[in-house]
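Trainee: return a 3D structure for these sequence lines:
(one chain, ligands or ions: 2)
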Amino acid sequence: MTRTLKAAVFGTGSWGTAFGMVLADAGCDVTLWGRRAALADAVNSTRTNPDYLPGVELPRNLRATTDPAEAADGADFTVLAVPSQTLRENLAAWAPLLTPDTVLVSLMKGVELGSAMRMSEVIEDVTKAAAERVAVVTGPNLAREIAARQPAASVVACRDEAVAQRLQAACHTPYFRPYTNTDVVGCELGGAVKNVIGLAVGIADGMGLGDNAKGSLITRGLAETTRLGLAMGADPLTFSGLAGLGDLVATCSSPLSRNHTFGTNLGKGMTLQETIAVTKQTAEGVKSCESVLDLARRHGVDMPITETVVGIVHEGTPPMVALKELMARSAKAER
Ligand SMILES: NC(=O)C1=CN([C@@H]2O[C@H](COP(=O)(O)OP(=O)(O)OC[C@H]3O[C@@H](n4cnc5c(N)ncnc54)[C@H](O)[C@@H]3O)[C@@H](O)[C@H]2O)C=CC1
Ligand SMILES: O=C(CO)COP(=O)(O)O
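Mentor: Residues are numbered from 1 along each chain as shown. Ligands and ions are numbered 1, 2, ... in the order given. Next up, the predicted model:
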């Protein structure tokens, strides 16, 4: 008889909890770690996460704790689902507690400010784990839809295909269909940059621009993501897959996307501070637009949409001025 696999999920926000449900539904014993005792108690006593997934009944084989050692104990998979810019500091505290040989799994879609590292690189840097033991889950996976067990495909990326296959088996359910990929760089870039393009499309929606603008931003956004990916050694085909186009379409079409909604509020004329005040959850693109632009400059890649988003979000450029500048760029061939 095969042993029941154990998973630790660090982060009791919407995606940490929803992916914990997926793992539990697939048969794993899951322990969520969260900072707040009140939320961990609510998960254990009411079998719901009232703060992040109200109304969703959690599986019986999922529990929560505020003790990172208890969560980490014996975990076959250690899943990381905290905001990207907090990962390094949190993981440094958790690293001594981790089970040797556990597979470290990033759910995060961001790039670290300052170092411009992808999340798997931060994980390797902090834990000294080999890249073959670090995996990424990404794709069109809006947490609320997954928590409602609505169907979605996903990507499980790891340099070691066998490790990706183990994780794939551990999270495959009737409603969640993961595909493996060994292009970790491309998969992570797809996830991080789509948040920036999601902001751009949200801004356009908020300004009242039409579907032609949306289609143009999605397509040219994918073009600049692919350019960056090529410069960083990614497989260009990854960007036409779930981690690229798939996630971009879901994010840019859905009111459930925090990045899209954040952009819409900016496009409607809210200030950055007002928009931050009404945003209760992590919109990674707001910070990662700067680290993505940093990566682009380090690699000598032109990313005009990302640059425009940085201008609007961080430099106070009015959206209408930014739009005129983007449209007035020199004419060129599509490729
Ligand atoms: N929500 C979604 O639909 C999806 C989210 N993601 C990614 O997953 C990651 C996590 O996002 P969500 O769970 O949606 O965010 P969230 O905002 O719902 O939850 C974030 C969690 O991190 C905790 N947290 C905040 N600051 C912290 C700190 N300094 N130290 C420790 N914990 C802290 C919060 O208390 C909360 O439990 C992000 O990188 C996001 O891009 C990826 C796919 C889908
Ligand atoms: O990554 C996501 C869907 O795949 C969620 O997008 P937001 O972080 O914009 O909500």
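Trainee: tell me the secondary structure at the closest residue in space to Ala92 that isn't next to it in sequence.
Mentor: Once flanking residues are discounted, Ala92 sits nearest to Val126: 5.5 Å by CB to CB, 6 or more residues apart in numbering. Every residue, glycine included, has its C-beta placed from N, CA and C. For Val126, the assignment made with DSSP: H, G, I helix; E, B strand; the rest coil gives helix.
Trainee: so what's Val126 scoring on pLDDT?
Mentor: As predicted, Val126 sits at a pLDDT of 98.
Trainee: okay, now it: neighbour count?
Mentor: The number of residues packed around Val126, counting by other CB atoms under 10 Å, is 18.
Trainee: quick one: it and Asn90 touch, right?
Mentor: No. Contact status for Val126 versus Asn90: not in contact, 9.2 Å apart, counting by CB atoms under 8 Å.
Trainee: indicate the residue of the stretch 1-150 of the chain located nearest to ligand 1.
Mentor: Gly13 (1.7 Å; CB to the nearest ligand atom).
Trainee: how about the nearest residue to that residue, chain neighbours excluded?
Mentor: Per CB to CB, 6+ apart, closest to Gly13 is Tyr52, 5.3 Å.
Trainee: one more: Asp41?
Mentor: Asp41 sits nearest to Ala64 (CB to CB, 6+ apart), 8.0 Å away.
Trainee: pLDDT score for Met1?
Mentor: If you check Met1, the pLDDT there is 67.
Trainee: same thing with the one 10 residues further on?
Mentor: On pLDDT, Gly11 comes in at 98.
Trainee: likewise Asp29?
Mentor: Predicted confidence (pLDDT) for Asp29: 98.
Trainee: contact partners for it?
Mentor: By CB atoms under 8 Å, 6 or more residues apart in numbering, the contact set of Asp29 is 4-7, 61.
Trainee: quick one: which helix or strand includes the residue nearest to Ser257 when sequence neighbours are not counted?
Mentor: Of all residues not flanking Ser257 in the chain, Thr251 sits nearest, at 4.5 Å (CB to CB, 6+ apart). Using DSSP states H and E, Thr251 maps to helix 247-253.
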